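Undergrad: Okay, sequence plus prediction incoming.
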Amino acid sequence: MSKIVIVGGVAGGASAAARLRRLDEHAEIIVFEKSGYVSYANCGLPYFIGDVITDKEKLTLQTPESFKRRFNIDVRINNEVCDIYPEKHMVKVKDLKTGKEYEESYDKLILSPGAKPVIPQIPGADSKNVFTLRTVEDTFRIKDFVNEKKPKSVVISGGGFIGLELAENFKELGMTVSVLQRSNQLMKQFDPDLAAFIHNKLRSEKINLLLNETVEEIREHEKSLEISLKSGRVLSADMFLLAIGVEPESGLAAKAGLKLGVKGSIVTDEYMLTSDPDIYAVGDAVQVKSFISGEDTLISLAGPANRQGRIAANNICGIQSAYPGSQGTSVIKLFDMTFASTGLNEKTAKASGINYDKVILSPAEHAGYYPGGSVMTMKVIFEKSTDKLLGAQIAGYGGVDKRIDVLATAMYAGIKASQLKELDLAYAPPYSSAKDPVNMAGFMIENINKGILKQFFYEDLESVTAMENVTLIDARTPGEFERGHIDGFINIPVDELRERIDEIDKNNIVYVMCQSGLRSYIACRTLAGHGYDAINFSGGYRLVNVLKTEEAAAKNAASCGLEETNNYHQRED
């Protein structure tokens, strides 16, 4: 009978334990978890704080007792593994309640220690009003503080998943919320153009967004905190949340002499085996390969951790299973909007030396004649030479999660970017259009590959508007044009183009824009049919409006010291 010891529960460790039992009824399985909860809904913690989830019992997916009853697994909570002795196949354990230390043997060991919050060396970071969020205990501590002290304001340092989900939930509780971000954008998996939609959304919800800011010192001042920033600004708040990121909890692995990789993460092979032949590792502490680029990276998400736990268990039980790499598919809800991404963004594609192209489109979530529809902005990145799908990002209201999952599946299956047009996707007016947004991306990419569609982008606007021998056309209606346009563009609505074609100099290159990119594409094809060289603006004026708003907010922040909220909240039927 084999004996398997698992260090850490939650996603990877708990999944491995349950899979091991399903494959081997007689193995001795012990799970050590240093917190008081072995398996809990990590991603649901911010929503308990915000009273979206009100029953704390729903956060705990399994207990030591339920694991024992259903799987006959020995789960020891509040027990921390302090050392691993690979040569002896032993671990040293400390019972955190009694202080007792003891050793436990193993035949196979699975490490699932997860990741820990990054805690910068900031004076005052140990104040009782300063919090981090990782465990259920952290959640209850924050919730108790909110219930008892009734804080009116909070500052959150960090603009990733945890920071923004907490910002939303605190705002919904009626608190004044400020979010600090060290870089010039939130959510680094998005490119700046799509991240601008996140920034605009937060500002429209009256969340104070402070980019390019770091905390220098936290001081207790009577019942509140004074937070000094590197810029010289001083904020006052009743509580402070550190959510600037996580780092692999790999100290045990390092002490045991296991090979480490990116940012100190644990290196494994495709079978989740470490440099020791009897020790596996899974979850947020593990280095993974990007499924798209093949480069080593760190991706802290629940889905990959669960799958890795299952893979490790399979291999221990003689079922060869390999982890193919991570795409990093993720989604976040922020108030009534949804933001999602998968694969590479432009920054990572450039860093990997990939010759890529992109399309940006603004399709409706479902048929335009069916009421209640809204527009999403979709960005799809692909490799020029191979037509390989590299990544996608979407910002919108309804239907975002559906489209990102279709694109993630297509990427995994190796479907070419232009083949997205051929996907047979479900259609009914409440859910989609006969040409689904994913199909539309495929049509655009096919047109690019065949030379039918030429594009220019927001980053090209400055140079394009300064060029000679060009004609700049805005193909929207006069009413749309009057509400806002780019200087230098003349308004020729697409439906009037044929009658006004003689107004356009045939010797000029014609750059065309509309609200979403569709009417301007039609205009470009009309112009091409009349012998013009026409180039379409990718993303439309809708994207321009968001990015101009973002630039104005950044300038305002630089000039007055605080970013002010704005009322941009465009929802199109």
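TA: Arrived safely. Residues are numbered from 1 along each chain as shown.

Undergrad: what's across from the residue nearest in space to the middle of the chain in the sheet?
TA: For the chain, the residue sitting closest to the mean C-alpha position, by C-alpha atoms, centre = their mean, is residue 330 at 4.8 Å. Beta bridges link residue 330 to residue 341, judged by DSSP bridges.

Undergrad: pLDDT score assigned to it?
TA: In this model, residue 330 is scored at 96, pLDDT.

Undergrad: Please report the distance of it from residue 503.
TA: Per C-beta to C-beta, to the nearest Å, residue 330 is found 47 Å from residue 503. (Each C-beta comes from the backbone N, C-alpha and C, glycine too.)

Undergrad: What of residue 193?
TA: 32 Å.

Undergrad: Comparing the two, which residue is more hemmed in?
TA: Taking neighbours as other C-beta atoms under 10 Å, residue 193 and residue 503 compare with residue 193 leading, 23 against 12.

Undergrad: so the more buried one is in which element?
TA: Taking DSSP states H and E as the definition, one finds residue 193 inside helix 192-204.

Undergrad: need the contact list for residue 302.
TA: 11, 42-43 (C-beta atoms under 8 Å, 6 or more residues apart in numbering).

Undergrad: What about these, which one has the most neighbours?
TA: residue 11 (28 neighbours).

Undergrad: Next up, the contacts around that residue.
TA: 42, 112, 283, 302, 305-306, 309.

Undergrad: cool, and residue 487?
TA: Shown here is residue 487, whose contacts under the criterion C-beta under 8 Å, 6+ apart are residue 465.

Undergrad: what's the burial count for residue 304?
TA: Neighbour number of residue 304 under other C-beta under 10 Å is 23.

Undergrad: what do you get for the one 3 residues further on?
TA: By the other C-beta under 10 Å criterion, the neighbourhood of residue 307 contains 19 residues.

Undergrad: Could you do the one 5 residues further on as well?
TA: Taking other C-beta under 10 Å as the neighbour definition, residue 312 ends up with a count of 33.

Undergrad: try residue 101
TA: The number of residues near residue 101, taken as other C-beta under 10 Å, comes to 12.

Undergrad: check contacts around residue 400.
TA: By C-beta under 8 Å, 6+ apart, the neighbours of residue 400 are 331, 338-340, 365, 376, 394.

Undergrad: What does the pLDDT read for the residue nearest to residue 43 when sequence neighbours are not counted?
TA: Spatially, and ignoring its direct neighbours in sequence, residue 43 is nearest to residue 302 (5.9 Å; C-beta to C-beta, 6 or more residues apart in numbering). pLDDT recorded at residue 302 is 87.

Undergrad: Please report how far residue 302 lies from residue 14.
TA: Taking C-beta to C-beta, one finds residue 302 at 11 Å from residue 14.

Undergrad: Which residues does the longest helix along the chain contact?
TA: Counting residues, the longest helix found in the chain (DSSP state H) is helix 540-560. Contact with helix 540-560 is made by 184, 193, 196-197, 199-200, 203, 209-211, 360, 362, 375, 377, 458, 461, 474, 476, 480, 484-486, 513-518, 520, 563-564, 566, 568, 570, 572, as judged by C-beta under 8 Å, 6+ apart.

Undergrad: so how many other residues sit close to residue 332?
TA: Residues near residue 332, counting by other C-beta under 10 Å, number 19.

Undergrad: what's it in contact with, if anything?
TA: Here residue 332 is in contact with 161, 164-165, 187, 338-340 (criterion: C-beta under 8 Å, 6+ apart).

Undergrad: element containing it, please.
TA: Short version, using DSSP H and E: residue 332 is in strand 330-334.

Undergrad: Relative to the whole chain's centre, how far out is that strand?
TA: In terms of C-alpha atoms, centre = their mean, to the nearest Å, the centre of strand 330-334 is set 7 Å apart from its chain centre.

Undergrad: can I assume residue 79 is in contact with residue 31?
TA: No - assessed by C-beta atoms under 8 Å, residue 79 is found out of contact with residue 31, at 9.2 Å.

Undergrad: more neighbours, those two?
TA: Neighbour count, other C-beta under 10 Å: between residue 79 and residue 31, residue 31 has more, with 27 against 22.
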